[in-house]
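[1] Sequence isn't available, so here's the structure alone:
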């Protein structure tokens, strides 16, 4: 123990202990959740900049270190850049509703076989993530699982952390499943000239993945939060309220030539057709012998949810609704489209006048999609309905038009009822761009950072979203959190703090044998990988593990390297542990503490499972 104390003293520069203490304080602030994550992250970076400029540390082989550049280098990290670009690509997918088709297919399968559908989706994500970077896999499945969560009437928070965990587990099973695996293999080759082949991690990786999947199925659902999103509350409040709306059957409309079956039109699901206006004639139900023609006005009764779903999915129906509302500029592709409700105020100048007389679209830039009158159900063209005090108008338009309506004294805008809609007019372009990004990254045709950047630029250039929407898609919380984490990791390495922790484990546990040493190495790396980057822990600890194997004369150098490989992938306990955890943080409305509660037991379980695995190997002489 005296040798250990001497080593502590040799490494015991006070800057190192200050950084170790700062790491503990930072983790405590993240867990406490009293201050915003972005404020804590920015504070960490600011203090590190101040600390190293006032009290610089000498680095071996380097003179005149630019500590400001070193502490800020994390903000130019390719992984961070990749995440931000993928957030823009994902926003383009959301704005255009490009995942609506696949989502509806999966949702229809879910209605028939809910459990099997969920199992198959997670199994597919697992298989794909074993062979390609799992970030695009998570991006692809997030909107699908959010839609399924709404169909299940559950919060997306119940499904999105499991998605991230499944992809992380799959990454352990092949050499290319994670960048961490490749870094360990590269370090091992450089130090000992031992090569790991493609399937070296597969056996123990599948064992650990099996343990993890059992935890995800049986334990994790009990630990995850159940948070309702604002969208679900709005949708719930609008459920069941019927609006009168109308669609014009234009020359290229999908309703041309359609006939009803038992009085219902299959292209208008969940809508009741109340009247068809053909020229001067009003056609009333039943509609058994009617065939829709160009120029017909179809008057329907539908809920807000049905109308918003129709507009988000079908560009042809959107054009038909826009055509019925009189002259005015259509929203440009890339603009944020909104739907909201407004009540006609008592004493309003709109009372007694029709939508046509008001020239509503020309005056406000918004379109009246529907009118709801609580006292009775109206059966007439919307343009002929005279407004009354208390009527609720369902409005559709750009975000700028909605903002202008806030100052209108004739209407009471229901801010709580405002929601964004997908714009389906650029759906095909968004799908092609997204597919190209995933394919380029999956086949290594382009580095994922290049593919994601090109995809983000292409989304803006194709009009899938505009520059303001792209800027809003960049989550400042994610940006500052990753930059601060990388800065902390750099500070730990430069001051010798990370090396101190690793060397102490080797010195203390080496006398107890190889199993104890590998078990101790695993838990140290597993804890650190949740606060440093997994790449940093892989690079730092692979030489230490190989050196430990050489010091004790072990022939199992590969097993020591695999200990670091699996431990560095055990990044379940924090959102900064792995980029897929960060990707689901926003859509799942998670807090930092949610990851601690859900992932910390999984880290302990993995440590125990790995210890059992290597104990069995040594017990039966399979090493």
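    Structure received. Since the model is a prediction, treat every value here as computed from it, not as a measurement.

[2] Can you find the helix or strand in the chain with the smallest mean pLDDT?
    helix 230-238 (a mean of 42; mean pLDDT, DSSP states H and E).

[3] what's downstream of it, the next helix or strand?
    As assigned by DSSP states H and E, the chain's next helix or strand after helix 230-238 is strand 242-248.

[4] Next, the angle strand 242-248 makes with the following helix or strand past that following strand.
    Next helix or strand after strand 242-248 toward the C-terminus (DSSP H and E): strand 272-278. Per axes from the mean of the first three to the mean of the last three Cα atoms, to 10 degrees, the angle that strand 272-278 makes with strand 242-248 is 30 degrees.

[5] Direction included, what does strand 272-278 pair against?
    Next to strand 272-278 in the sheet, as set by DSSP bridges, lie strand 281-283 (antiparallel), strand 297-303 (antiparallel).

[6] What mean pLDDT does the shortest one get?
    Model confidence over strand 281-283 averages 75 on the pLDDT scale.

[7] contacting residues for residue 388?
    Neighbouring residues of residue 388 by Cβ atoms under 8 Å, 6 or more residues apart in numbering: 344, 351-352, 373. In this view, the C-beta of every residue, glycine as well, is placed from N, C-alpha and C.

[8] State the distance from it to residue 354.
    12 Å (Cβ to Cβ, to the nearest Å).

[9] repeat for residue 584
    48 Å.

[10] before we move on, what about residue 44?
    For residue 44, the distance to residue 354 - Cβ to Cβ - is 60 Å.

[11] Tell me, how many residues neighbour residue 67?
    The number of residues packed near residue 67 is 21, by other Cβ atoms under 10 Å.

[12] Can you verify my assumption that it contacts residue 58?
    No: taking contacts as Cβ atoms under 8 Å, residue 67 lies outside contact range of residue 58: 11.5 Å.

[13] Helices along the stretch 501-623 of the chain, start to end?
    514-529, 534-551, 557-568, 579-585, 592-619 (DSSP state H, counting those that start in this stretch).

[14] What segments of the stretch 101-250 of the chain are helices?
    Under DSSP H, counting those that start in this stretch, the stretch 101-250 of the chain gives helices at 114-129, 134-151, 160-171, 179-192, 202-218, 220-223, 230-238.

[15] Include mean neighbour count and distance to residue 542 when you put the ones you listed into CSV, please.
    Formatted as CSV, these follow (neighbours: other Cβ atoms under 10 Å; distance: least, Cβ to Cβ, whole Å):
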stretch, mean neighbour count, distance to residue 542
helix 114-129, 16, 23
helix 134-151, 22, 22
helix 160-171, 27, 17
helix 179-192, 20, 4
helix 202-218, 17, 16
helix 220-223, 14, 30
helix 230-238, 15, 45
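
[16] Show me the strands in the stretch 401-550 of the chain, by range?
    For the stretch 401-550 of the chain, the strands defined by DSSP state E, counting those that start in this stretch occupy 411-421.

[17] what about residue 157, how many residues close to it?
    Residue 157: 21 surrounding residues under other Cβ under 10 Å.

[18] contacting residues around residue 224?
    Residue 224 makes contacts with 157-158, 161-162, 594, 598, as judged by Cβ under 8 Å, 6+ apart.

[19] Which members of those are the farthest-apart pair?
    162 and 594 (12.4 Å; Cβ to Cβ).

[20] what's residue 291 sitting at in phi/psi?
    Dihedral pair for residue 291: phi -120, psi 130, per degrees, to the nearest 10.
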